[in-house]
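Colleague: give me the fold of what follows.
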Amino acid sequence: MGEFTMPSLGADMDEGTLVEWLVAPGDPLRKGDPVAVVETAKSTIEVECFESGAMGRLLVEPGATVPVGTPLALIEPAAGARREPEGRGKRQKHPVTPPAPAEPEPAPAPGPEPAGGDGEAAGTGPLIRRLAERRGVDLTALHGTGPAGRVTRADIERAATDTARPPRVRATPLARRRAAELGVDLSSVTGTGRDSVIRAEDVGGAAPGGAAAPAPPPPAAASVRPSRPPGEQAPGMRRAIARLMTRANRDIPHYYLSTTVDMAVSMDWLHEHNRRGPMAERLLPAALLLKAAALAAREVPALNGFWTDDRFTAGEGVHLGVAVSLRGGGLIAPVLHGADTLDLPALMGSLKDLVTRARTGRLRGSEVSDATLTVTNLGDQGVETVFGVIHPPQVALVGFGRVADRPWAVDGLLGVRPVVTVTLSADHRATDGAVGARYLTAVDRLLQKPEEL
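Modeller: Numbers count the residues shown, from 1 in each chain. Sure, this is the predicted structure:
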């Protein structure tokens, strides 16, 4: 039996709040299935299970804040897998409900036997039937987990607990917060979301007096759903960022390099690609910059990895963390896995999807961890140069400014060309300036051949 624990969703995460269970005890699980929603100081994230089986006992209730590594639930073997016989409780890592004291089996009551002729329904004995009657459990609707499908005492206790537990209401975290604010009982609300999930709008309509849901935000921010109420999100996130950046500045000996890249060839190619291609495959300059950053990291692997235990460990693949500013304040860096292997349309599509879900609080745990190199692009904010702070345990951060027209000499002739400033912040424990220079040179060279990206 395995454990589903509170994951670490970043170097700055010490604890998390369990917001919602997406599965119930007994539900089958496949590796990679989202099973819970966890709220961190930065965002609300769907956390996947990395073990197949079935959801067992839930150990933590929604709303609880627990440290990273705390067991949240038990993962049982998949149906049909061999189960440990009862009576081996000493090997359990967590307490289970102790069996009731043994009772002498009463003599069978006179009367006709049930169909089947053995005096036992569904493989049950008199003691089990007596216990089921006392706990109000319908044996005909119970699936036994004992040998040959026999119903065990644990099956009865589990069924009795499930019967006593109020039905689970599926609602978004924002809907639960709004229900608490308006005093709405979620069990009385009809959900209009996918699979009848209750949304914030449903809660607003069910509020006393028919309180309407908040007016929708302007179109530019229509998809935003802050992971915390607006008054709380930024301070909490700022504290988390401050802790991480303080640690990074204290522990990491940064060095900084920059170069200016002529983007004329890339921008000409981009305009032609967008003119000829379908609307769905149109690219932004960010796609070229990210792909060049990823390919250069593959060429210079000393900047693509982690500094842990006083040594450098190269990353397995190039996984770019992309800094995304959130509408409610703060930032998060979801991960483009295998960015060096994605073609430009796929990379552009993945980037759009990640940004949208980052700003609506619907990232998954695997999408906020294991970045091997972080990229920050403030060009859309009008910034021309950005020197970032390394996100530990990574050893480098790449910054891109805006593509701006500047006087530029080509073959001795002065003209106006689109250029971009590329910066590198790197860890002097892992590399030195010569390695960083090779990386920036590679980025420049790659951007001169955009058709090969």
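Colleague: next, Leu18: secondary structure please.
Modeller: Secondary structure for Leu18, judged by DSSP: H, G, I helix; E, B strand; the rest coil, is strand.
Colleague: quick one: pLDDT of it?
Modeller: Here, the pLDDT recorded for Leu18 equals 91.
Colleague: same deal with the one 10 residues further on?
Modeller: pLDDT, Pro28: 91.
Colleague: can you count the residues close to it?
Modeller: Pro28 has 12 neighbours, counted by other CB atoms under 10 Å. Backbone N, C-alpha and C define where each C-beta goes, glycine included.
Colleague: what residues does the host helix or strand of Leu290 touch?
Modeller: Using DSSP states H and E, the element containing Leu290 is helix 285-299. Taking CB atoms under 8 Å, 6 or more residues apart in numbering as the criterion, the residues outside helix 285-299 that touch it are 263, 266-267, 270, 303-304, 318, 320, 322, 336, 339-340, 342, 344, 347-348, 351, 372-373, 375, 377, 379, 398, 400, 403, 420, 422, 438-440, 442-443, 446-447, 450, 453.
Colleague: show me which of these are buried.
Modeller: A residue is treated as buried here by neighbour count (16 or more other CB atoms under 10 Å); on that basis the buried members of the contacts of helix 285-299 are 263, 266-267, 270, 303-304, 318, 320, 322, 336, 339-340, 342, 344, 347-348, 351, 372-373, 375, 377, 379, 398, 400, 403, 420, 422, 439-440, 442-443, 446-447, 450, 453.
Colleague: which one's the longest strand in this structure?
Modeller: As far as residue count goes, and with DSSP state E defining each element, the longest strand of the chain is strand 413-427.
Colleague: in that strand, what counts as buried?
Modeller: By neighbour count, with 16+ other CB under 10 Å as the criterion, the buried positions of strand 413-427 are 417-427.
Colleague: got those residues as CSV, with distance to Val189 columns?
Modeller: Listed next are those as CSV, based on distance: CB to CB, whole Å:
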residue, distance to Val189
Arg417, 59
Pro418, 53
Val419, 55
Val420, 50
Thr421, 52
Val422, 51
Thr423, 50
Leu424, 52
Ser425, 49
Ala426, 52
Asp427, 51
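Colleague: closest one to Gly56 out of the residues you listed, please.
Modeller: Ranking those by separation from Gly56, with CB to CB as the measure, puts Asp427 on top at 42.1 Å.
Colleague: run the angle between the helix holding Leu290 and strand 413-427 for me.
Modeller: Relative orientation of helix 285-299 and strand 413-427, computed by axes from the mean of the first three to the mean of the last three CA atoms, to 10 degrees: 60 degrees.
Colleague: next one: the biggest helix by length in the chain to chain centre, how far?
Modeller: Longest helix in the chain by number of residues, with DSSP state H as the criterion: helix 230-251. Once both centres are worked out by CA atoms, centre = their mean, to the nearest Å, helix 230-251 turns out to sit 19 Å from its chain's centre.
Colleague: contact partners for the residue nearest to Asp33 when sequence neighbours are not counted?
Modeller: Using CB to CB, 6 or more residues apart in numbering and skipping residues adjacent in sequence, the residue nearest Asp33 is Cys49, 5.5 Å away. With contacts defined as CB under 8 Å, 6+ apart, the neighbours of Cys49 are 4, 29-35, 75.
Colleague: quick one: Cys49 and Leu74, what's the gap?
Modeller: Using CB to CB, to the nearest Å, one gets 12 Å for the distance from Cys49 to Leu74.
Colleague: overlap of the contact sets of those two?
Modeller: Common neighbours of Cys49 and Leu74 are listed as Phe4 (criterion: CB under 8 Å, 6+ apart).
Colleague: which parts of the stretch 201-350 of the chain are strands?
Modeller: When assigned using DSSP state E, counting those that start in this stretch, the strands of the stretch 201-350 of the chain occupy the ranges 254-262, 305-308, 311-314, 320-322, 324-325, 331-332, 335-336.
Colleague: just name the most buried of these.
Modeller: Each of the strands of the stretch 201-350 of the chain was scored by mean neighbour count; the highest is strand 320-322, a mean of 25, by mean count of other CB atoms under 10 Å.
Colleague: can you tell me what sits against that one?
Modeller: Under the criterion CB under 8 Å, 6+ apart, residues 290, 293-294, 297, 333-336, 339, 351, 354-355, 371-375, 377, 391, 394 lie in contact with strand 320-322.
Colleague: neighbouring strands - and their directions - for it?
Modeller: Strand pairing for strand 320-322, determined by DSSP bridges: strand 335-336 (antiparallel), strand 373-377 (parallel).
Colleague: Tyr256: which of those strands is closest?
Modeller: strand 373-377 (13.4 Å).
Colleague: can you list the domain ranges for the chain.
Modeller: Residue ranges of the domains in the chain are recorded as 2-87+94-103+115-164, 239-452, according to automatic domain parsing.
Colleague: wait, which of these is closest to Ala206?
Modeller: From the domains of the chain, taking CB to CB, the stretch that ends up closest is domain 2-87+94-103+115-164, at 18.8 Å.
Colleague: quick revisit: state the mean pLDDT of the helix holding Leu290.
Modeller: The predicted model assigns helix 285-299 a mean pLDDT of 98.
Colleague: next, the buried residues of it.
Modeller: Of all the residues in helix 285-299, those buried under the rule 16+ other CB under 10 Å are 285-297, 299.
Colleague: what ranges does the stretch 101-250 of the chain have for its helices?
Modeller: Remark: helices of the stretch 101-250 of the chain, listed N- to C-terminal, are 126-135, 153-164, 173-182, 200-206, 230-251; assignment by DSSP state H, counting those that start in this stretch.
Colleague: so can I have a markdown table of these showing distance to Pro25?
Modeller: Conversion of the helices of the stretch 101-250 of the chain to a markdown table gives the following (distance: least, CB to CB, whole Å):
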| stretch | distance to Pro25 |
| --- | --- |
| helix 126-135 | 17 |
| helix 153-164 | 7 |
| helix 173-182 | 20 |
| helix 200-206 | 26 |
| helix 230-251 | 31 |
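Colleague: related to what we said a few turns ago, farthest pair in the contacts of Cys49?
Modeller: Among those, Pro34 and Ile75 lie farthest apart (CB to CB), at 14.3 Å.
Colleague: these two: which has the busier surroundings?
Modeller: Set side by side, Pro34 and Ile75 show unequal neighbour counts under other CB under 10 Å, the larger going to Ile75 at 20 against 16.
Colleague: regarding that one, which helix or strand does it belong to?
Modeller: Per DSSP H and E, Ile75 falls inside strand 71-76.
Colleague: sheet-wise, list the partners of that strand with their directions.
Modeller: Under the criterion DSSP bridges, strand 71-76 sits next to strand 2-5 (antiparallel), strand 53-58 (antiparallel) in its sheet.
Colleague: which of the ones you listed sits closest to Thr385?
Modeller: For the strands paired with strand 71-76, proximity to Thr385 was assessed by CB to CB; strand 2-5 is nearest, at 41.5 Å.
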